[in-house]
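Undergrad: Just the structure for this:
(2 chains)
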Amino acid sequence: MLREFTCICCPNGCTMEAVVEDGVLTKIAGNLCKRGRTYVEQELIAPTRTISTSVRVDDGELPLVSVRLTAPIPRERIFDAMAEIRKQRLTAPVVTGQVIIKDVLGMQSDVIATKTVRKAEP
Amino acid sequence: MEMIRKRVVIIGGGPGGLAAACELHRKGIRDILVLEREHQLGGILRQCIHDGFGLTRFGQTLSGPEYADRFIDEVKKLGIECITDTTVIDITPDRVITSASASGLLQISADAIVLTMGCRERTRGALSIPGNRPAGVYTAGVAQAYINLKNIMVGRKAVILGSGDIGMIMARRLTLEGVKVVAVFEIMPYPSGLPRNVEQCLNDYGIPLYLSHTVTSINGKSRLESVTVSEVDASLKPIPGTEKEYECDTLILSVGLIPENELSLKAGIELDPRTRGPVVDEDYQTTTPGIFAAGNVLHVHDLVDFVSLEAENLARAVVAYLDGSLPSCGITIETDSSIGYTVPQHISGEKDITLSLRVRRPMKPCTLELWQDSKLLATKTLRKAIPAEMEQITLPVGQLVNTNSVKVVARNA
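TA: As a prediction, this is how the structure comes out:
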């Protein structure tokens, strides 16, 4: 079966034509680098994605700190991860790289801050 | 009014301005001042919390704030002077800058000025969408600022007009936050943003994208209640009888960006109607001597990595300008109807130059060609080219035969 994929690994966004037999990739064309093949293989087994969102911060110069996952998680668990992240509430200061949730829902991905939010000036 | 002197003043502390500042410092310029109108440095990246930035410049994928922090940390480490909460209100052709802040007006006389003011969004007014004027109509960047910086949700049920990257990224962002995104409508017969954003922002979340469709009426009294959407024909005119109403309380516009050049006009700088940014030579110098421009103020980029790289090239040219060693650029770069624009628009013919450009419409396998008179100077083969992606081609100086203009053409293979 011939299937078309758009790679999301980099801004090139290669359009790839993949031949898939019984769920296994047998031939691929259109990818500029080997990440395209890895991406399609993963898509066929279980698609994974990362997400970015924000977490509430009290007493900060901003009401939110932006966060992201350190590793992709199964695509169908995105909204579970969002619900878990939404439960968090931090107090300033928060620094870039700070781990907000270690190993979120046991998915081997941490939620980390991507911005520094200092304490609000009184 | 207080008047100070500076070697280089950079207007705008986003990814372009900060990259230029760091590179100027590395090249030995110390008397630098960065002026930023917001309270914090980093520009629009501060609200772009999604990842995907930095693959070209840093070899890894970062979120917008992390990408900005790389440069903010460097500027701090190098001790480069940055004044925030300060808006430049005037630049004269002889390089006197007037800025306004809570502490009053300041005038700065600069040997060189770097314009890195970025761009702003096209609004409903620019599209002339008929209908009422209810609340609930936002540009994508404004909605992004509300959600990602101010913790204010913009609505519950949204329609997105325009498939620009920010619009698609906001479609995903709104969906993650529990907003129902009804659909994305695009007037062109192809998406205006990057293919990977169609995939990971729309397809992943089951958000339909309707091409050749546009909003033809905005309906509602105090708050938006619905939009009317029509199909458009090949000349982008709405087709009567195709109207369909979509209930929503929010309309997000992602319909293009415009380089922000009001200050450039005051400085007597010529703008290119195609880019809506300054006309520049190979050294990013505008038509006003000593004033340079790079990043989104020059031409709208799809990737911040290229903004930083462009600003770093600009910085090296500014150093040469201050040394009095910039060549004159008498060779004009022309385009045919296949090319939307090129930057730079003028070159010296003394060194190899990489031209940045966009094709005007999507092309399958094609070649970019550079011609001077009847001589083919360079070609580059592309698997595909789309207006959403900036392309680059290098002009090897040794190929030039004279000082006549060089023409850029894209041809189907």
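
Undergrad: Name the residues that touch stretch A:96-115?
TA: Stretch A:96-115 is contacted from outside by A:50, A:52, A:55, A:62, A:65-74, A:77, A:80-81, A:84-85, A:88, A:90, A:94-95, A:116, B:46, B:49, B:62-63, B:65-66, B:69, using CB atoms under 8 Å, 6 or more residues apart in numbering or on different chains. For glycine as for every other residue, the C-beta is placed from the backbone atoms N, C-alpha and C.

Undergrad: What is the burial count for B:G178?
TA: B:G178: 11 surrounding residues under other CB atoms under 10 Å in any protein chain shown.

Undergrad: and if you look at B:V408?
TA: The burial count for B:V408: 21, using other CB under 10 Å.

Undergrad: Who are the contact partners of it?
TA: B:333-336, B:339, B:342, B:355, B:357, B:368-370, B:393.

Undergrad: Enumerate the residues of the stretch 1-150 of chain B near chain A.
TA: When proximity is defined by CB under 8 Å from any CB of the partner chain, the stretch 1-150 of chain B lies next to chain A at B:46, B:49-52, B:55, B:62-63, B:65-66, B:69, B:148-150.

Undergrad: With secondary structure, neighbour count and pLDDT as new columns, can the residues you listed be given to me in JSON lines?
TA: Listed next are the residues of the stretch 1-150 of chain B next to chain A as JSON lines, based on DSSP: H, G, I helix; E, B strand; the rest coil; neighbours: other CB atoms under 10 Å in any protein chain shown; pLDDT from 0 to 100:
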{"residue": "B:R46", "secondary structure": "helix", "neighbour count": "22", "pLDDT": "96"}
{"residue": "B:I49", "secondary structure": "coil", "neighbour count": "26", "pLDDT": "97"}
{"residue": "B:H50", "secondary structure": "coil", "neighbour count": "25", "pLDDT": "96"}
{"residue": "B:D51", "secondary structure": "strand", "neighbour count": "20", "pLDDT": "92"}
{"residue": "B:G52", "secondary structure": "strand", "neighbour count": "25", "pLDDT": "91"}
{"residue": "B:L55", "secondary structure": "helix", "neighbour count": "17", "pLDDT": "92"}
{"residue": "B:L62", "secondary structure": "strand", "neighbour count": "21", "pLDDT": "95"}
{"residue": "B:S63", "secondary structure": "strand", "neighbour count": "26", "pLDDT": "97"}
{"residue": "B:P65", "secondary structure": "helix", "neighbour count": "25", "pLDDT": "97"}
{"residue": "B:E66", "secondary structure": "helix", "neighbour count": "24", "pLDDT": "97"}
{"residue": "B:D69", "secondary structure": "helix", "neighbour count": "21", "pLDDT": "96"}
{"residue": "B:N148", "secondary structure": "helix", "neighbour count": "25", "pLDDT": "97"}
{"residue": "B:L149", "secondary structure": "helix", "neighbour count": "17", "pLDDT": "96"}
{"residue": "B:K150", "secondary structure": "coil", "neighbour count": "12", "pLDDT": "96"}
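
Undergrad: circling back to that earlier point, hmm, which of the contacts of B:V408 are the buried ones?
TA: B:333, B:335, B:339, B:342, B:355, B:357, B:368-370, B:393 (16 or more other CB atoms under 10 Å in any protein chain shown).

Undergrad: distance of B:A171 from A:R68?
TA: As judged by CB to CB, to the nearest Å, B:A171 and A:R68 stand 18 Å apart.

Undergrad: Comparing these two, which shows the higher neighbour count?
TA: B:A171 (28 against 24).

Undergrad: quick one: which of the contacts of B:V408 sit in helices?
TA: Taking DSSP state H, every one of the contacts of B:V408 sits outside helices.

Undergrad: Of those residues, which belong to strands?
TA: Among these, DSSP state E puts B:333-335, B:339, B:342, B:355, B:357, B:368-370, B:393 in strands.

Undergrad: could you dump those to TSV with pLDDT?
TA: As requested, the ones in strands among the contacts of B:V408 are exported to TSV (pLDDT from 0 to 100):
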residue	pLDDT
B:I333	97
B:E334	96
B:T335	96
B:I339	97
B:T342	97
B:L355	97
B:L357	96
B:L368	97
B:E369	97
B:L370	97
B:I393	97
